[in-house]
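J.: sequence first, predicted model second:
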Amino acid sequence: MKAAHIYGPRDIQVKDIPVPELTPGTVKVKVEFAGICGSDMHEYLAGLYPIRKQPVLGHEFSGVVTEIGEGVEGIMVGDRVAVEPLVPCGRCANCRRGLSHLCSNSQGYGYSMSGGFAEYAVVKQENVFVLPDHMSLELGALVEPTAVAVHAVRQSQLKLGDTAAIFGAGPIGLLLLQAVKAAGAGRIIVVEVSDERRAKALELGATHVINPVETDAVQTIREMTKGGADVAYDAAGVQATFESGVSVVRPGGEFKIISLWEKPVTFNPSVIVKSEAKISGSYAYNNLFPEVISLLASGAIDGNKVITSMIALDDIVEKGFEQLTQDRKQCKILVNMNL
């Protein structure tokens, strides 16, 4: 089968490898769609994560079950499924605390285990979630990034009627926008340099959009809200958005960081001391796939609006990763394994 292997910065190669074999408690999935994630882009541009133990990329994927291993229950051949990539150990202190997404010994499909940029994947039965009949497999590939956004909103202190500011309108930013809208945010302000992405943000329910190149986003938001946003979310991961996000929250507000960072940032902690605002992180998700599948299936979060391109696996470098580095109009690019 064909699979995309990563070996270092700007070094992804599509190769033929054997189809993985079933083991007890696992299912074989014929991958249909797999999304290129921002964390994949970090590895492509900045180098491999320490957690990478094998080269086959891809942790946002959906497909059809073709075989089931010994001991598997509740899953049938032909089921259309989304795959959760996190594989916690279940034994460490964090797992015992109910924080399996922060597992000290975590593994993951697309990192330590062969991922979804391949024609087939073999995954543990507890990591597959059957999709409703009316939900497309394209949306199935968006369950993972949508779970990231939903978890961030759930972890934040956002309340009904609050003002949310979102920095960055890439895939996670646009999914965050819809998640804060679904959570009842009264005003949603999106800060984004791309004209196309700002337009998409308005289409998806942003009440205001700001181009930070042309407008002082911090001053504008403070004036608009008479003191600052209740919660600001960073979905961009650069110095400028960190500085703006920290500065734009009201006293007692929260700056929630979702993005991964290629470089350290600097800031003046006095900004937080004087405002008693909090800076907090949000990592992945914790037992959220069923709820997120319902949100996508019902249209409460419109995943289709985030998808901008479909490409073949053979084109994953030029039409996928390289395209995302050059074209700000692109948002979520899915690899269609049938092309």
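T.: Received the coordinates, thanks. Numbers count the residues shown, from 1 in each chain.
J.: so where does the spatially most central residue of the chain fall, helix or strand?
T.: Centroid check for the chain by C-alpha atoms, centre = their mean gives P145 as the closest residue, at 2.9 Å. Taking DSSP states H and E as the criterion, P145 maps to helix 143-155.
J.: pull out the buried residues from that helix.
T.: V143, E144, P145, T146, A147, V148, A149, V150, H151, A152, V153, Q155 (16 or more other C-beta atoms under 10 Å). Using the backbone N, CA and C atoms, a C-beta is placed for each residue, glycine as well.
J.: next: stretch 298-309.
T.: Those would be I301, D302, G303, V306, I307, T308, S309, for stretch 298-309 by 16+ other C-beta under 10 Å.
J.: what is the mean pLDDT for stretch 135-147?
T.: Taken as a whole, stretch 135-147 carries a mean pLDDT of 98.
J.: I meant to write stretch 196-208 there.
T.: On average, stretch 196-208 scores 96.
J.: off-centre distance for it?
T.: Offset of stretch 196-208 from its chain centre (C-alpha atoms, centre = their mean, to the nearest Å): 19 Å.
J.: do the same with stretch 236-254
T.: 20 Å.
J.: output it as PDB - backbone C-alpha positions only.
T.: Output in PDB follows, covering the C-alpha atoms of stretch 236-254 (Å, rounded to 0.1, in the frame of the first residue of the first chain):
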ATOM      1  CA  ALA A 236      -1.900  31.200  15.400                       C
ATOM      2  CA  GLY A 237       1.100  30.600  17.600                       C
ATOM      3  CA  VAL A 238       3.400  33.600  16.900                       C
ATOM      4  CA  GLN A 239       4.800  36.400  19.000                       C
ATOM      5  CA  ALA A 240       2.400  39.000  17.700                       C
ATOM      6  CA  THR A 241      -0.700  37.000  18.600                       C
ATOM      7  CA  PHE A 242       0.600  36.100  22.000                       C
ATOM      8  CA  GLU A 243       1.300  39.800  22.800                       C
ATOM      9  CA  SER A 244      -2.100  40.900  21.500                       C
ATOM     10  CA  GLY A 245      -4.000  38.000  23.200                       C
ATOM     11  CA  VAL A 246      -2.500  38.700  26.600                       C
ATOM     12  CA  SER A 247      -3.200  42.400  26.300                       C
ATOM     13  CA  VAL A 248      -6.800  42.200  25.000                       C
ATOM     14  CA  VAL A 249      -8.400  40.200  27.800                       C
ATOM     15  CA  ARG A 250     -10.400  42.100  30.500                       C
ATOM     16  CA  PRO A 251      -9.300  42.100  34.100                       C
ATOM     17  CA  GLY A 252     -10.100  38.600  35.400                       C
ATOM     18  CA  GLY A 253     -10.400  37.300  31.800                       C
ATOM     19  CA  GLU A 254      -8.500  34.400  30.200                       C
END
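J.: doesn't D162 make contact with A232?
T.: No - under the criterion of C-beta atoms under 8 Å, A232 is not in contact with D162, lying 11.0 Å apart.
J.: which one of these two is surrounded by more residues?
T.: In terms of neighbours (other C-beta atoms under 10 Å), A232 is the more surrounded of A232 and D162; the figures are 31 against 21.
J.: how about the contacts made by that one?
T.: A232 is in contact with A164, A165, I166, F167, G245, V246, V248, V249, G253, E254, F255, K256, counting by C-beta atoms under 8 Å, 6 or more residues apart in numbering.
J.: beta partners of it?
T.: Beta-bridge pairing for A232 (DSSP bridges): A165, F255.
J.: now the nearest residue in space to L202 that is not next to it in sequence: how far from F167?
T.: Of all residues not flanking L202 in the chain, V209 sits nearest, at 5.8 Å (C-beta to C-beta, 6 or more residues apart in numbering). According to C-beta to C-beta, to the nearest Å, V209 stands 12 Å off from F167.
J.: between those two, which contacts overlap?
T.: Common neighbours of V209 and F167 (C-beta under 8 Å, 6+ apart) are V191, E192.
J.: of these two, which one has the most company?
T.: F167 (30 against 19).
J.: next, the contact list for the closest residue to that one other than its chain neighbours, please.
T.: Among residues not flanking F167 along the chain, T241 sits closest, at 4.0 Å (C-beta to C-beta, 6+ apart). Going by C-beta under 8 Å, 6+ apart, T241 touches F167, G168, V191, D234, S259.
J.: and for G8?
T.: Taking C-beta under 8 Å, 6+ apart, one finds G47, L48 in contact with G8.
J.: give me the neighbour count for R80.
T.: Neighbours of R80 (other C-beta under 10 Å): 18.
J.: ok, the one 5 residues further on next?
T.: Applying the criterion other C-beta under 10 Å, we find 24 residues in the vicinity of P85.
J.: any idea how far it is from V56?
T.: Taken as C-beta to C-beta, the span from P85 to V56 is 12 Å.
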